[in-house]
Every structure is written in structure tokens, then in C-alpha cells.
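1. return a 3D structure for these sequence lines:
(2 chains, ligands or ions: 3)
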Amino acid sequence: MATDPSASIALRVNGKDVEGSAEARTLLVDFLRDTLRLTGTHIGCDTSQCGACVVHLDGVAVKSCTVLAVQAAGREVRTIEGLADADGSLHPMQEAFRQHHGLQCGFCTPGMVMTAIELAQSAEPLTPERVREGLEGNICRCTGYHNIVQAVLAGAAAMRQ
Amino acid sequence: MYRFTYHQPADLDEAVQIASSSEDGSYLAGGMTLIPTMKFRLAGPSDLIDLGAVEALRGITDEGGRLRIGAASTHAEVAASALVTGRLPALAGLASRIGDPAVRNRGTIGGSIANADPAADYPAALLALDAEVITNRRAIAAADFFTGFFSTALDPGELVTAIRFAVPAQAAYQKAPNPASRFALAGVFVARHADGTRVAVTGAGQFATRYPAFEAALDASFTPATAAGVTVEEAGLMTDLHASAAYRAHLISVMAKRAVAAC
Ligand SMILES: Cc1cc2nc3c(=O)[nH]c(=O)nc-3n(C[C@H](O)[C@H](O)[C@H](O)COP(=O)(O)OP(=O)(O)OC[C@H]3O[C@@H](n4cnc5c(N)ncnc54)[C@H](O)[C@@H]3O)c2cc1C
Ligand code: FES
Ligand code: FES
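-> Ligands and ions are numbered 1, 2, ... in the order given. Here you go, the predicted structure:
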């Protein structure tokens, strides 16, 4: 199967079937931001190191700047916009970031939250060390991480309830 | 990124056929190295052959006492596999410390060794665990596979299908990670096989290699102090913005000592 320079791709994003046109070389993050206008997913680097762009692809945390949009065709993507309930109440992990001041400028936050949710779903019990290890691919230039770690521990505990 | 044609072959034969008929095709596994390289326009393949749908490249099995790991197994799958954590915990531990969780969710063992980054972790494991690289054409001993800086014995279009590892009595891997990327500044894999100890080093030189001086000394006396006592030559080690050759030589010594202690 070859994909033409600009083909239509169909996938599920945040529970909705969507379609849009993308070149083979279009990155998933650009497709989400520019085509679907879901600008909550950020781009913080061009070396695949910062994690601002993390989304879930079929339930797995990936750096959407390092996945092609065509690779998500027919699959399920969840972004930061897909976390809150329809009535606007925040996901427990978002709520924990709010309560524990887990953000300052907020640029890294979408990726932090998406990574943290996958981490919270792992079977192993979370300790501050495990959280720090789990966030190794997410860089924050503001907070110094302390409150992010507190937020992830609290968010994970809330998710387990 | 330059334009390319994207292919998603359903099986091995189709993948190899597309590679051989394309002008300058590249296989795409996890994309964790290839996509950033393409973004920088340091690579511009005419065709990308996505291996994601090729089932034959997946799966981790026991093959007559050796562990066979499919080339498209992600680092996360290797780290979590009951077979690997049970039989070769040092290899599962190595996989669990590559990069970060999102990199481990996509990056694959086949992509890592085909790329042959001098600071990649897996090459040290392949050398110390007397591995064989299985391709669509042949089996290549790890010793013959890594041939230089980012170079391997793979021919153009040759596809790695699996890696087969020997299971030693004891093994351990220790690395001093680059604090930003987690690539190895120096990583040492020590394995005690029935026929002797193998020690392989990655991250420090132009490509991963065995260190016979450590092997001979440890065969005589397998202790951390013995490892620490082996002189590591600076000659041939890399100096770059991350570390000098002298610092890397020192790290090899420390990592070797720690790996022996962890066996
Ligand atoms: C932020 C970051 C941190 C990282 N940290 C580490 C680290 O600590 N340690 C480490 O070892 N690595 C690290 N890596 C690299 C990572 O492990 C990559 O996953 C790996 O180097 C490439 O694997 P891939 O599956 O992503 O391959 P790709 O990027 O898809 O491909 C890499 C190359 O291999 C070729 N290829 C892929 N599969 C095959 C095959 N089956 N047969 C033949 N050729 C093939 C491709 O054509 C391409 O040339 C890091 C990467 C990033 C982005
Ligand atoms: S934008 Fe994806 S890792 Fe930085
Ligand atoms: S809050 Fe500003 S980068 Fe993290």
C-alpha cells in the first residue's frame, strides 16, 4: 500500500471518528494541531526528547512528533482534550496537577499529564523515584519537578479509587 | 522532511520486495531514530517501508535454550516479557533503561542494532550474550555484525528478523547514562558462560566491542576488585561534548566493577 502525497486518513480521536488529509511525511502532532485544530498537544523540541507532544495511541503513550500521521490511520488517539468529562469536570490527573501546582507556564503539562496517566495505569506501586523515572522523557523548564511528582502521586491515587 | 512514499507491507516477502524495487528505500520500525533523522533532513529515503504490520517480526520465544526476540519487539515488550525477566533479567533491565517510557513504547531491538549507534545499549548485550542476528538471508554472529561507527554487516535491503541470545549462568549490565538522552556514555555488559566470561563495552568507542583484558582477568578471578584492577586504555575511545576519552576510560572501569558486583 502506498500513500499518495496527500491522502485522506481516518482515525478515532478522543472517541470521535475523524478524517483529514495528510501527506505521508505529515507528523501526527502536526495533523492533530493543524488539521484537527487540537492545539493542546504541544511541540517543544525537534529531537524527540521533551515529551510536550505525548498522546496515547491505542492506549500507549507515544511522542506524536515522532510518529507519522498515516501510522495512526484506523487507530485510536487520545489527547489532552479528551480527558475532561463532557460537563467540563477535570480528569483526576488534571485535577491533581491543579491542586498541587504541578505547572507554572503550562507548556509541558499536556505531555506530563498524558505520560502520568500511563504511568498511573502500570501495575507497580508508585513511589516518588518511580514517578521521576517515569517522567524522564518529559522536560519542564519551570517547576523544578517537585510539585509535578506530588501531583502525579496524588493523581494516580485518585485514579485508583 | 523530504517527501517519500509510504508502504505498509503485510508480510516479510512483501517488505523485502518493496525494499529491493525502491530507489532508496528504508525500513521503518519504531521510528525513534529514523524519524528525527529525517526531520533534520539527514536522511531522505525515497520510500518508507513500515514494518509495523509484519507479524513474523514479533514475539519472544525459547528456542532450544536460546532466547529468540523478534526484531520488531519494542524495548517495553522486552523489559516486560516474562521469558526475558525470568531467563535473562540483565537484558530486560537493559531494555527498561533505554531512553524514556515513550521511546521504549515505540523503539525496537531490530531498529536499534540496525542503526548501530555507538552509544546504543543493545550492541553490548549482543556481543556479551554471544547472539546471532537472523536476517531474511542468513544468520550473522554478533562479533561480525557491528563493523564500525553506525555500520553493520547488513547488505542494502537486508532485513533483520530476530536476534537469538545465549543464556549465561549470570549476567549484568551497568551504564553511565547521558543525563539528557540516557544513551550510554559507557555501558558494560558482563556475562558468565560455561566456556568463559564475556565483557562488552558500548558508548565509549567508535562501536561496541568486547574487552579481552577484562575477560581473561575475570576468568582467573571473578570479583569486582579484579574488574577494577584492569587497566583501560584511552586510545581509541571517543572525546566529544559529553565526555573525554580519559573520563570514558574511567567510566568503563567503574561500570565493569559494578556489573561484576551485580552478577
Ligand atoms: C529521546 C531518545 C532517547 C534514546 N535513548 C536511548 C538509549 O538510552 N539507549 C539506546 O540504546 N537507544 C536510545 N534511543 C534510540 C532508540 O532505542 C531507538 O528506538 C533505536 O535506536 C532505533 O529503533 P527504532 O525501532 O526506533 O528504529 P527506526 O528509527 O525505525 O530505524 C532505525 C534504522 O534501522 C533500520 N531498521 C529498523 N528495523 C530494521 C530491521 N528489522 N532490519 C533492518 N533494518 C532495520 C531503519 O531502516 C533505520 O535505518 C533513544 C532515542 C530517543 C529518541
Ligand atoms: S516535541 Fe515531541 S518530544 Fe519534543
Ligand atoms: S510548567 Fe513551564 S515548562 Fe513545565
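
2. in chain B, which spans are strands?
-> Secondary structure of chain B (DSSP state E): strands located at B:5-7, B:25-28, B:47-50, B:60-63, B:66-70, B:132-135, B:139-141, B:146-148, B:151-152, B:160-165, B:170-177, B:184-193, B:196-202, B:209-210.

3. buried residues in the fourth one?
-> Of the residues in strand B:60-63, B:Ile60 count as buried by neighbour count, 16 or more other Cβ atoms under 10 Å in any protein chain shown. The way it works is simple: take the backbone N, C-alpha and C, and place the C-beta from them, glycine included.

4. which elements pack onto it?
-> Using 3 or more Cβ pairs under 8 Å, 6 or more residues apart in numbering or on different chains; DSSP states H and E as the contact criterion, the elements in contact with strand B:60-63 are strand B:66-70, helix B:82-87.

5. mind listing what's buried in the longest one?
-> For helix B:82-87, a neighbour-count test (16+ other Cβ under 10 Å) marks B:84-85, B:87 as buried.

6. got the CA positions of it in PDB?
-> Presented in PDB, the C-alpha positions along helix B:82-87 are these (Å, rounded to 0.1, in the frame of the first residue of the first chain):
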ATOM      1  CA  ALA B  82       8.100 -12.900  31.500                       C
ATOM      2  CA  LEU B  83      10.500 -15.000  29.400                       C
ATOM      3  CA  VAL B  84      13.200 -12.300  29.400                       C
ATOM      4  CA  THR B  85      12.800 -11.200  33.000                       C
ATOM      5  CA  GLY B  86      12.900 -14.900  34.000                       C
ATOM      6  CA  ARG B  87      15.800 -16.200  31.900                       C
END
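
7. quick one: what helix or strand has the residue of chain A found nearest ligand 1 in it?
-> Distances between chain A and ligand 1 by Cβ to the nearest ligand atom are smallest at A:Ser48, namely 3.7 Å. Using DSSP states H and E, A:Ser48 sits within no helix or strand.

8. burial check on it, number of neighbours?
-> 24 (other Cβ atoms under 10 Å in any protein chain shown).

9. wait, it touches A:Val67, no?
-> No: assessed by Cβ atoms under 8 Å, A:Ser48 is found out of contact with A:Val67, at 10.1 Å.

10. shared neighbours of these two, anything?
-> Common neighbours of A:Ser48 and A:Val67 (criterion: Cβ atoms under 8 Å, 6 or more residues apart in numbering or on different chains): B:Ile35.

11. please list all residues in contact with A:Arg33.
-> Applying Cβ under 8 Å, 6+ apart, the residues near A:Arg33 are A:39, A:41, A:43.

12. how about the residues of the stretch 151-263 of chain B by chain A?
-> Residues of the stretch 151-263 of chain B that fall close to chain A, judged by Cβ under 8 Å from any Cβ of the partner chain: B:180-182.

13. please produce a ChimeraX select command covering the buried subset of the residues you listed.
-> Here is the ChimeraX command that picks out the buried ones among these, judged by 16+ other Cβ under 10 Å:
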select /B:181,182
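
14. and the residues of the stretch 151-263 of chain B next to chain A as TSV, adding pLDDT and distance to ligand 3?
-> Shown next, in TSV, are those (pLDDT from 0 to 100; distance: Cβ to the nearest ligand atom, whole Å):
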residue	pLDDT	distance to ligand 3
B:Ala180	85	16
B:Ser181	87	19
B:Arg182	92	20
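
15. for B:Thr202, state which of the residues of the stretch 151-263 of chain B next to chain A is nearest.
-> B:Arg182 (12.8 Å; Cβ to Cβ).

16. what's the closest of the helices and strands packed on strand B:60-63 to A:Gly134?
-> Comparing the helices and strands packed on strand B:60-63 by their distance to A:Gly134 (Cβ to Cβ), the top pick is helix B:82-87, with 18.4 Å.

17. outline the domain layout of chain A.
-> For chain A, automatic domain parsing gives the domain ranges A:6-82, A:92-160.

18. for the first one, measure first residue to last.
-> It stands for domain A:6-82. 27 Å (Cα to Cα, to the nearest Å).

19. is it up against ligand 3 anywhere?
-> No: figure legend: domain A:6-82 not in contact with ligand 3 (Cβ under 6 Å from any ligand atom); closest approach 7.9 Å.

20. longest single helix anywhere in chain A?
-> The residue-count maximum for a helix in chain A (DSSP state H) belongs to helix A:146-160.

21. mind listing what's buried in that helix?
-> Neighbour counts using 16+ other Cβ under 10 Å place A:147-156 of helix A:146-160 among the buried residues.

22. B:Phe214: what's it in contact with?
-> B:Phe214 sits in contact with B:190, B:197, B:199, B:227, B:230, B:256, where contact means Cβ under 8 Å, 6+ apart.

23. out of the domains of chain A, which gets nearest to B:Ala120?
-> Of all the domains of chain A, it is domain A:6-82 that lies closest to B:Ala120, at 14.8 Å by Cβ to Cβ.

24. just give me how far that closest one sits from the chain centre.
-> 10 Å (Cα atoms, centre = their mean, to the nearest Å).

25. so it, near ligand 2 or not?
-> Yes: for a cut-off given as Cβ under 6 Å from any ligand atom, domain A:6-82 has contacts with ligand 2, namely A:43-45, A:48-53, A:63, A:65.
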